[in-house]
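Peer 1: Output the structure for:
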Amino acid sequence: MLGTAYGASLSVTPLELAALHFGKREIGSLAICFACGIIAMSIPAGALVRRVSARTTLVGSLLAYALAVALFPLQTTWTGTAIVRALDGASSVGVWVACETVLLARADASNKAIVMSLYAMAIAIGYVLGSGLARALVLVTDYAHVFFVASALAVATCALVVPRLDRDAHAGGGEVGEHARASGTLAILWRIKTSCFATFSYGYFQASVVLFLPLYLIEHKHVAERDTTIMTALFAGGMLVFSPLAARLGHRLGHLRVMAGLASVGVLMILGFVFLSSWPLMCGAIFVAGATLASISPVSLALQGHVTARADYSRANALYNACYAAGMLLGPPISGAIMTSKGGPAMLYHFAAMWVAFVLAAILFATDDPKSSRNPSGDGVEFGP
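Peer 2: As a prediction, this is how the structure comes out:
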């Protein structure tokens, strides 16, 4: 339901901003405000889950998101819009941390990856449905009503959450035991460092590609502008098709090993855009990139659930989402600067280099994965009694 609200509102956000006569630089700065909201609220969201429960955090975040999305079309100044976008980001990360904490806690050792892939798929399907809903609404009304409908969906989600989620649902059992001792924040960050590197890389890549890959294809590969509109659907379609298989492979072969393999294939797809000249082949590369790079996220969350104590789930998820937002914040300005000064191929090479760095980190820190043959303890974690 929240994915549908996201899909509907995001489909018309650039159109609404253009209608308010914001320039490209101002629109880019508003995207930074959204990412800053995520970063600012990531750690406090984890603390809220521990203090007041996942359900309370989830409901409060959903209501805050509903308020932000309803206020968005009512703004007429950059300052007002920036505040609302920051609230959007802050409330969104509250939802993510609460949901991911509950899901990891309720999933057992054998199905954490499958559960997290279903979570990612549900959001992706919502994006598709929301985009279609927005397209239908703009045929009969104005952009503002799309945001109001998205707000109503968020409020309706609260009606689903309140009676069906336990008030104290903020953690659960796991491989580390029901009474595992909570760790310090730095210790948690070190334990989940490869998952955080993965989500930082994905946030960096995703935020940059959405903005600059269509421009690269239009300018350098002479792809028709209208053809680039299917890129998001192809990328999401690849993830929807392959993420369940990636989840099963992660459980069987080791999550970190599968993540490194997915990133390696993704690197080849990125480099393909430098050398390919056929649009159908590039469409195939986009689909495979979605199947590999987008499927890393649920597998990395599953790995995090395996190596983190039950008491640390909320803080681990907060750190994980902060790294994702940091990638979203840094990716577009750096990628844009590289594309402007060095050209489109250089931008693609730097994406590939980042994912190669992740693959090397996955090899170097292979013992982060409990299933690693280099892990002498066989569990990848060292918790106190």
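Peer 1: which intervals of the stretch 51-200 of the chain have sub-threshold pLDDT?
Peer 2: Within the stretch 51-200 of the chain, the segments meeting pLDDT under 70 span 167-182.
Peer 1: got the residue ranges for the strands in it?
Peer 2: Listed in chain order, the stretch 51-200 of the chain contains no strands at all (DSSP state E, counting those that start in this stretch).
Peer 1: quick one: the helices in it?
Peer 2: 54-71, 78-106, 112-140, 143-164, 185-191, 193-220 (DSSP state H, counting those that start in this stretch).
Peer 1: so the helix or strand that the last one is followed by versus helix 193-220, what angle?
Peer 2: In this case it means helix 193-220. Next helix or strand after helix 193-220 toward the C-terminus (DSSP states H and E): helix 231-253. On the basis of axes from the mean of the first three to the mean of the last three Cα atoms, to 10 degrees, helix 231-253 is oriented at 150 degrees to helix 193-220.
Peer 1: counting contacts, what elements does helix 231-253 pack onto?
Peer 2: helix 112-140, helix 193-220, helix 255-275, helix 279-293, helix 296-307 (3 or more Cβ pairs under 8 Å, 6 or more residues apart in numbering; DSSP states H and E). C-beta coordinates here come from the backbone N, C-alpha and C atoms, glycine included.
Peer 1: What residues sit buried inside the third one?
Peer 2: When neighbours are counted by 16 or more other Cβ atoms under 10 Å, the buried residues of helix 255-275 are found to be 255-263, 266-267, 269-274.
Peer 1: again, but for stretch 113-125
Peer 2: So, applying 16+ other Cβ under 10 Å, buried residues of stretch 113-125: Ala113, Ile114, Val115, Met116, Ser117, Leu118, Tyr119, Ala120, Met121, Ile123, Ala124.
Peer 1: The first one contacts Gln304, correct?
Peer 2: No. Counting by Cβ atoms under 8 Å, Gln304 is not a contact partner of Ala113; they are 10.7 Å apart.
Peer 1: Tabulate the helices and strands packed on helix 231-253 (a markdown table), appending distance to Pro370.
Peer 2: Listed next are those as a markdown table, based on distance: least, Cβ to Cβ, whole Å:
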| stretch | distance to Pro370 |
| --- | --- |
| helix 112-140 | 11 |
| helix 193-220 | 12 |
| helix 255-275 | 9 |
| helix 279-293 | 23 |
| helix 296-307 | 6 |
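Peer 1: picking up where we left off before, make TSV from the helices of the stretch 51-200 of the chain and add distance to Ala8 to it.
Peer 2: Formatted as TSV, the helices of the stretch 51-200 of the chain follow (distance: least, Cβ to Cβ, whole Å):
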stretch	distance to Ala8
helix 54-71	9
helix 78-106	13
helix 112-140	4
helix 143-164	5
helix 185-191	35
helix 193-220	17
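Peer 1: what's the closest of these to Leu15?
Peer 2: Proximity to Leu15, assessed across these by Cβ to Cβ, is greatest for helix 143-164 (5.9 Å).
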